[in-house]
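J.: 3D model of this:
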Amino acid sequence: MTKATSSAPSQRMLRVGEQVRAAITQVLQRGEVSDDLIEKTVISISEVRMSPDLKIATAYVTPLGVKDHDTVIAALNKHAKFIRGRLGNQLRQMKYMPEVRFRDDTSFDNYQKIDALLRSPEVQRDLGADEDQD
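T.: Residues are numbered from 1 along each chain as shown. This next block holds a predicted model:
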């Protein structure tokens, strides 16, 4: 069997990551984690990346309406073993239940920076010059 030359995730990693994301979302929506901070915070899970051996799941989360994301992520990581145990009902097909790690999702901040750059007067001026030539 040949080893993949690309560092991109495999179809299996993507599929399992999406299943884990849905399972974590259900656990959080049901309020199964008994932590006041987690219960009061709306948490968006944008992506779950799986390790190649499917034993580690890194969930990228964004706590909505909270200035200090670090406290919410610390609380989620504190309850990661409990959440992992609750995933078993929904991920029965997996041989090993993945270890769950929570990380802050900074992609929305990056999108805002790119959007601000694209709307800057310098870029608008350059785009306007291209339109005049056409």
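J.: The nearest residue to Pro52 once chain neighbours are set aside: how many residues sit nearby?
T.: Distances taken as C-beta to C-beta, 6 or more residues apart in numbering place Met13 nearest to Pro52, at 6.8 Å, with adjacent residues excluded. In this view, the C-beta of every residue, glycine as well, is placed from N, C-alpha and C. Residues lying near Met13 (other C-beta atoms under 10 Å) number 17.
J.: sec struct for Met13, please.
T.: Under DSSP: H, G, I helix; E, B strand; the rest coil, Met13 falls in the helix class.
J.: could you pull out the strands for the protein?
T.: Assigned by DSSP state E, the chain shows strands spanning 42-50, 56-64, 99-104.
J.: now the angle between strand 42-50 and the last one, please.
T.: Per axes from the mean of the first three to the mean of the last three C-alpha atoms, to 10 degrees, the angle that strand 99-104 makes with strand 42-50 is 120 degrees.
J.: coming back round to it: highest mean neighbour count out of the strands of the chain?
T.: Of the strands of the chain, the one with the most neighbours on average (mean count of other C-beta atoms under 10 Å) is strand 56-64, at a mean of 19.
J.: And it, what does it pack against?
T.: Judged by 3 or more C-beta pairs under 8 Å, 6 or more residues apart in numbering; DSSP states H and E, the packing partners of strand 56-64 are helix 11-29, strand 42-50, helix 69-78, strand 99-104.
J.: Return the helix or strand in the chain with minimum mean pLDDT.
T.: Using mean pLDDT, DSSP states H and E, helix 121-133 stands out as the lowest-scoring helix or strand of the chain, at a mean of 71.
J.: where are the low-confidence patches of the chain?
T.: For the chain, applying pLDDT under 70 flags the ranges 1-6, 129-134.
J.: Go again with 80.
T.: Low-confidence segments of the chain, defined by pLDDT under 80: 1-7, 107-111, 126-134.
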